[in-house]
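K.L.:
Just the structure for this:
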Amino acid sequence: MEHLLGLLRVHIHRGVNLAVRDVTSSDPYVIIRMGKQKLKTRVVKKNINPVWDEDLTLSVAEPLPVKLVSSLSL
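P.N.:
Residues are numbered from 1 along each chain as shown. Alright, predicted model coming up:
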């Protein structure tokens with residue numbers, strides 16, 4: 001088992017004026033990746049201004065350089 005250094009909690013609040021990817025709307029969700037971990041919010045159906053208000057928690061097993069990349073799937 002890996003030695004756990006801590007936890008990283010990311011709060012996903014909302015999206016504003018997202019691009020339309022279906023005919024008239026989108027079904028957006030957010031994916032968070034760190035190392036081999038991948039977490040996803042729930043899908044908000046037919047909404048270009050979604051509110052998730054979710055906390056996603058990743059485990060930190062070793063010190064890693066931090067790279068923030070904004071990625072939103074529609």
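K.L.:
Contact partners for residue 10?
P.N.:
Contacts for residue 10 (C-beta atoms under 8 Å, 6 or more residues apart in numbering) come out as 32, 55, 56, 57, 58. The way it works is simple: take the backbone N, C-alpha and C, and place the C-beta from them, glycine included.
K.L.:
go with 6 Å
P.N.:
By C-beta atoms under 6 Å, 6 or more residues apart in numbering, the contact set of residue 10 is 32, 56.
K.L.:
Check the secondary structure at it for me.
P.N.:
Applying DSSP: H, G, I helix; E, B strand; the rest coil to residue 10 yields a three-state assignment of strand.
K.L.:
Quickly list what it is bridged to.
P.N.:
residue 56 (DSSP bridges).
K.L.:
what's the burial count for residue 42?
P.N.:
By the criterion of other C-beta atoms under 10 Å, residue 42 has 11 neighbours.
K.L.:
Just the element for it, please.
P.N.:
Counting by DSSP states H and E, residue 42 is held by no secondary-structure element, helix or strand.
K.L.:
what pLDDT does it get?
P.N.:
With respect to pLDDT, residue 42 has a value of 97.
K.L.:
cool, and the one 10 residues further on?
P.N.:
At residue 52, the pLDDT value in this model is 97.
K.L.:
ok, it - contacts?
P.N.:
Contacts of residue 52 by C-beta under 6 Å, 6+ apart are 12, 41.
K.L.:
again, only this time at 8 Å
P.N.:
Neighbouring residues of residue 52 by C-beta under 8 Å, 6+ apart: 12, 13, 14, 15, 30, 41, 42, 44.
K.L.:
First-to-last residue distance for stretch 16-27?
P.N.:
Terminal residues of stretch 16-27 lie 13 Å apart, using C-alpha to C-alpha, to the nearest Å.
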